[in-house]
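Enquirer: can you look at this prediction? I've put the sequence above it.
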Amino acid sequence: MTKTSKTRTALVHGGSRRSQYGEVSEAVFLTQGFVYETAEAAEARFIKAGEDEFIYARYGNPTVRMFEDRISGYLGYEDGFACASGMAAVNGALMALLKAGDHVVSSRALFGSCLYVLEDILGRFGVQITLVDGTDNAAWDAAIRDDTRLVFLESISNPTLEVIDLKHVCKTAHAKGALVLVDDAMATPVFSYAHECGADLTIISTTKHIDGQGRMLGGVICGSKELVRGPIETYVKHTGGAMNPFTAWSHLKALETMDLRVRAQADAALKVADALVGHPKIAAVRYPTHAAHPQSALALSQAEAGGTVLTFELKGGRGPCFAMLNALEVAIISNNFADSKSIATHPATTTHQRLPQEQKDMLGISEGLVRFSVGLEDVDDIIADLLGALEQA
Ligand SMILES: *Cc1c(COP(=O)(O)O)cnc(C)c1O
């Protein structure tokens, strides 16, 4: 499938399985186990379970399967495995595919927990990691070797919104026989281009735009049937990272409105970026597809919009930042993003506090950097809130 799979119809109807009652809204099967008519039927199901047959909710559940089919089909992939959180998905995919001695190349600008899994956990088991500047195509070309097993990256990095030339990286990796795993949280499922660019697996923290309303933790790994129902399912089902059926049900309902929500938030994010560019107290504004972003041409060549998050850098560092955050009346101070409520974050003192200073400097996480996740409030209210708070900076 291509881009055409990404339709609102797929988000509303994809993957639906109706029970004998013919319910309109997807049923939540809040059950750990399943009953077999006979001992022979139990044996047969353990030998090979059919499409509509389940064994244990850690392995699979009808509601979870509906969610897996809906999101993976929407993104253009053959299959998906749903996990308890975005990190359960990242860890599950990496652990399922790697062994001691393997070589991995990854972009350096990563979500903190991803960096921990790659460097600390996989390093402890003898996996070699090479970190590169993800925006530098030549650095990828130099780092990916004949024996590289896997390439990992965030398509748009958190929090600095660096954009990676995904087609280029996929081409280089595939020429060397390496798999490409894309952590696609920032790009959003609606504007995700990982599948079109050739990523073998797209991993999404469904906590972000799929839930979109600050309730559920979840994650999903989407890819070919061979990878997803092969090594990935085997690893995750035996190690306990499965998604809760109630989360899957909530996600199914949230997918129905995701396109509307995310497009509205992305439109608003562009307008907020526009309103902040040139503000006398701001040194730089970044939103991937806004002209003020140094990689906007690349971002626009890959996607219609750059997600729902923007960043801006206040002149004068931490003091003015805190004063501005404390003066916000609509947006809340928190550390998640992709919520219906606008969220302001100061990464240097919260999400990225523990990074050594030299790493913060290298990644551009300065004392003046604010990450702003644009919610579903009226955009005029969001802009007025920010401009008012900036007066206090
Ligand atoms: C949030 C996030 C994760 C982790 O997701 P959880 O659902 O919080 O476990 C991983 N990668 C990126 C890029 C994220 O933004």
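Expert: Received, thanks. All values reported here derive from a predicted model rather than from experimental measurement.
Enquirer: touching, Asp259 and Ala10? I think so.
Expert: No: judged on C-beta atoms under 8 Å, Asp259 makes no contact with Ala10 at a distance of 9.5 Å. Just so you know, the C-beta spots here come from the backbone N, C-alpha and C atoms, and that holds for glycine as well.
Enquirer: in the helix ranked longest in the chain, what counts as buried?
Expert: When the chain is parsed with DSSP state H, its longest helix is helix 245-276. By neighbour count on 16 or more other C-beta atoms under 10 Å, the buried set for helix 245-276 is 245, 247-252, 254-255, 258-259, 261-266, 268-273, 275-276.
Enquirer: show me what secondary structure element comes after it.
Expert: Using DSSP states H and E, the next helix or strand after helix 245-276 towards the C-terminus is strand 282-286.
Enquirer: so what does the helix or strand following that next one touch, helix or strand wise?
Expert: Using DSSP H and E, the helix or strand that follows strand 282-286 towards the C-terminus is helix 296-302. If you count contacts as 3 or more C-beta pairs under 8 Å, 6 or more residues apart in numbering; DSSP states H and E, helix 296-302 packs onto no helix or strand.
Enquirer: other SSEs contacting the next helix or strand after helix 296-302?
Expert: Next in sequence after helix 296-302, counting helices and strands by DSSP H and E, comes strand 309-314. Strand 309-314 sits against helix 245-276, strand 282-286, helix 318-327, strand 369-373, with contacts defined as 3+ C-beta pairs under 8 Å, 6+ apart.
Enquirer: so which residues on the chain come close to the ligand?
Expert: When proximity is defined as C-beta under 6 Å from any ligand atom, the chain approaches the ligand at 85-87, 90, 111, 113-114, 154, 158, 183, 185, 205, 207-208, 217, 219.
Enquirer: pick the one among those closest to Lys167.
Expert: Lys167 lies nearest to Glu154 out of the residues of the chain next to the ligand, by C-beta to C-beta, at 15.9 Å.
Enquirer: chain neighbours aside, what residue packs nearest to the closest one?
Expert: The shortest distance from Glu154 to any non-neighbouring residue, by C-beta to C-beta, 6 or more residues apart in numbering, is to Asp183 (4.7 Å).
Enquirer: and the one you found, how many neighbours?
Expert: Counted by other C-beta atoms under 10 Å, the residues lying close to Asp183 total 29.
Enquirer: phi, psi of it?
Expert: Phi and psi for Asp183, reported as degrees, to the nearest 10, are phi -90, psi 110.
Enquirer: ok, it - contacts?
Expert: 86, 90, 110-111, 114, 152-155, 203, 205 (C-beta atoms under 8 Å, 6 or more residues apart in numbering).
Enquirer: okay, domains of this protein per the record?
Expert: For the chain, automatic domain parsing gives the domain ranges 8-254, 258-390.
Enquirer: would you say Gly230 is within a strand?
Expert: No: secondary structure of Gly230 (DSSP: H, G, I helix; E, B strand; the rest coil): helix, not part of a strand.
Enquirer: ok, it - contacts?
Expert: Applying C-beta under 8 Å, 6+ apart to Gly230 gives no contacts.
Enquirer: look up how far the ligand lies from it.
Expert: Using C-beta to the nearest ligand atom, to the nearest Å, we find Gly230 at a distance of 23 Å from the ligand.
Enquirer: gap between that residue and Glu78?
Expert: Per C-beta to C-beta, to the nearest Å, Gly230 is found 12 Å from Glu78.
Enquirer: next one: Met66
Expert: To Glu78, Met66 is 16 Å away according to C-beta to C-beta.
Enquirer: ok, now Ala57?
Expert: For Ala57, the distance to Glu78 equals 23 Å [C-beta to C-beta].
Enquirer: counting neighbours, go ahead and name the busier of those two.
Expert: More crowded of Ala57 and Glu78, by other C-beta under 10 Å: Ala57, with 21 against 15.
Enquirer: give me the pLDDT value at the residue nearest to Glu154.
Expert: Note on Asp183: pLDDT of 97.
Enquirer: in the sheet, who's paired with it?
Expert: Counting by DSSP bridges, Asp183 is bridged to Glu154, Ile203.
Enquirer: OK, contacts around the closest residue to the ligand within the chain?
Expert: Of all residues in the chain, Gly86 sits closest to the ligand, at 2.2 Å by C-beta to the nearest ligand atom. Shown in contact with Gly86 (C-beta under 8 Å, 6+ apart): 183, 185, 203-208, 217-219.
Enquirer: got those as TSV, with secondary structure columns?
Expert: Below are the contacts of Gly86 laid out as TSV (three-state DSSP):
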residue	secondary structure
Asp183	strand
Ala185	coil
Ile203	strand
Ile204	strand
Ser205	strand
Thr206	coil
Thr207	coil
Lys208	coil
Leu217	coil
Gly218	coil
Gly219	strand
